[in-house]
Structures are given as C-alpha cells and as structure tokens.
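A.B. asks: coordinates for the following, if possible.
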Amino acid sequence: MLEVAGLETSYGQSQVLFGMELSVAAGQVVTLMGRNGMGKTTTVRSIMGLTKGHAGSIRFEGTEIRGMPSYRVAKMGLGLVPEGRQIFPNLSVRENLIATADNRSPGAARWTLESVLAAFPRLSERAGNMGNQLSGGEQQMLAVARALMTNPRLLVLDEATEGLAPLIRQEIWSILSSLKAEGQAILVIDKNVAALKRLADRHCFIEKGRVAWSGTTAELNAAADIEQRYLGV
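C.D. replies: A predicted model of the protein is given here:
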C-alpha cells in the first residue's frame, strides 16, 4: 500500500532524512520508533506532502506521491492524526468531525458521524462543546475520529498517546486494536513499546534519519538489545 524508498528530506540546509525506507501493506499495522529528533515526524510530514522530500520515492498504491501537494495526498486516502492534535479550537466536536468528512475508501463509507460517535461515546457526550473545551485525551480522540471521518485507506498517527493519562492511553490503544481487526492499515509513531508490540505487525526503528532496524514483533522480542540501543537514554 505504502512504500517509501531512498527518501531524503531537508529543512533548508539541514538534512534530516538520509535514504529513509518504509513500507505498509494493506491491513497491516507498522510502527516507527526512535529517540526524539531522529526524523520520525519528518518522515510523516514527507509522506503527507507537508514537507517536500528532495530525493527518493513515496508510492501509495502504486502512484508516486512525492512532490504532490498535501491536499492531493489526503484525497488519495491517507488520514493523518498529527502530533499535537491540531483540532479546530473554535468549532464544536460535531463541526470538527464533519468539516473534512469524505469517503476515500472503495465502497460504502464505514465511518459516518453516527458511527464515529458510537465508537467514541465520550465525544458523543461532548458533541456540542468547542474543541478548546475538551481535555487533552478528548482532543486526541477527536483527532483520531476526525481522521476516520475521511474513511482513509491508511491511517497515520504521529505520537498516538503522548501526554495522555493511562486510562485514556488504554482507550486509544483499544480503538486502534479494533481498527486493526477491521482491516484498517495503520502507521503509528509512539513511545509505548509494550502497547505497540501488542498491536503491530512490523516495527521500524529510526536513527539519524535512517531505518536502523526493522522486523516483526517476534523478531523484536528475540532481539533483547534493540529497544535499549535505539530508545534508551
């Protein structure tokens, strides 16, 4: 579904990605992990067309998307839950959800306002509240629900549970697990390795703008030093 090969991205004269390699198959959950500043968010921004890669390839379902404007990338079926949530603070929960609603998957829309509110009861209770009246956890749920309202072929989450209380984190992981069971392809960045290992099919560890290690959950469990090497401080 998604294949990133030889991707290089810079901010001005400062290069961040050096031949980045990454792939996500249909129905697969893939993680991108690493210490802060190693290029995880830049990888996501490059995929989504928010930061332009200057070399390499980003192919989505066989189509080259590197260089496409971000709105065209989104219309192809990539749904982003951005770092920092970035919900619309002066719109209600309901308005946030319908503002970018679309069906970018084949067939009938799985996610409608009714089905999203059923999946996120907390948002249903707060449907009339403004975005800036929600807690951090509720805002994260809203960011996930807003992305689902586009009926994405690939859901991309940058820092899925950062800064959330443990109970809210667990709720987010439960939602992602349900999405995986329904066949939703997901690319997720997070620091909770234990939760990611329960959820994901494959893992990529990034260091200094390159994938330093990748493998399945079984391979990660067998490689005892990987987490400390690429996540330890």
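A.B. asks: low-confidence ranges, the protein, go.
C.D. replies: For the chain, the stretches with pLDDT under 70 are 233.
A.B. asks: try 90 this time
C.D. replies: Low-confidence regions of the chain, defined here as pLDDT under 90, cover residues 83-85, 100, 103-110, 136-137, 160-169, 171-172, 191, 223-225, 227-228, 232-233.
A.B. asks: which residues of it fall in helices?
C.D. replies: Taking DSSP state H as the test, the helices found in the chain are 40-48, 70-75, 93-99, 113-119, 121-125, 136-148, 166-181, 193-199, 217-222, 226-231.
A.B. asks: redo those as TSV? Include distance to residue 105 and mean neighbour count.
C.D. replies: Heads up, the C-betas are built off the backbone N, CA and C, glycines and all. TSV is the format used below for those (distance: least, CB to CB, whole Å; neighbours: other CB atoms under 10 Å):
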stretch	distance to residue 105	mean neighbour count
helix 40-48	17	24
helix 70-75	12	15
helix 93-99	17	19
helix 113-119	13	15
helix 121-125	21	15
helix 136-148	11	22
helix 166-181	12	15
helix 193-199	21	16
helix 217-222	26	14
helix 226-231	33	15
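A.B. asks: and those as TSV, adding distance to residue 85?
C.D. replies: Compiled in TSV, the helices of the chain are given as follows (distance: least, CB to CB, whole Å):
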stretch	distance to residue 85
helix 40-48	14
helix 70-75	17
helix 93-99	10
helix 113-119	16
helix 121-125	13
helix 136-148	4
helix 166-181	12
helix 193-199	19
helix 217-222	28
helix 226-231	23
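A.B. asks: just so I know, which of these lies nearest residue 14?
C.D. replies: helix 40-48 (10.4 Å; CB to CB).
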